[in-house]
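*Asks:* Have a look; sequence and predicted model below, questions after that.
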Amino acid sequence: MSYSKKLIAENVARGVAHEPYWIGKLKSKYPTIVSNNITNKFSKMDAMCVHNGQIIEFEHKKRNCKHDTFIGLMVNESKLRYSIEQLKKNVRQIYFWSCKDGIFFWELKDFEKQKHELIFGQNSNKKIGQPQVDIVDIKTKYLQRFLIT
């Protein structure tokens, strides 16, 4: 196994290991949440639930920094494009990040009205030899702390 494949496998394993933690935390507000990664670890979004009669999809990222270390918290642009299409089907889209200072979230409700909350760019994980990919940073000031009830 090459160095980059080994790191990719380690990254995936860390994400899978962290999943019970964040899904457990979200169950306080979304009791029917289930992982999409049980049947497909590369599913479009990490989890889903039906809450008050509406389908909600969740994406989660674990970050080893405080939520405001950078200008925003990043997701792959393809996730955002997927979410825009899902909104047209009345499926809510919520992104969560587990950071060193808590769990933070952002909900995409209307892309056109929320464009100012986003920074489009490119980034890569050089440790695993990843090529540049299109990413979106959700600006820190639009993130909300998830309060566990």
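*Replies:* Sure, I can see it.

*Asks:* where exactly do the helices run in this protein?
*Replies:* Listed in chain order, the helices of the chain (DSSP state H) span 3-26, 77-87, 111-114.

*Asks:* tally of neighbours for the spatially closest residue to residue 54 that is not a sequence neighbour?
*Replies:* In space, and not counting its chain neighbours, residue 54 is closest to residue 92: 6.0 Å by CB to CB, 6 or more residues apart in numbering. Every residue, glycine included, has its C-beta placed from N, CA and C. Neighbours of residue 92 under the rule other CB atoms under 10 Å: 18.

*Asks:* List the residues that contact residue 92.
*Replies:* Residues near residue 92 by CB atoms under 8 Å, 6 or more residues apart in numbering: 54, 55, 56, 57, 107.

*Asks:* and it, bridged to which residues?
*Replies:* Beta-bridge pairing of residue 92 under DSSP bridges involves residue 56.

*Asks:* what's the pLDDT at it?
*Replies:* pLDDT, residue 92: 98.
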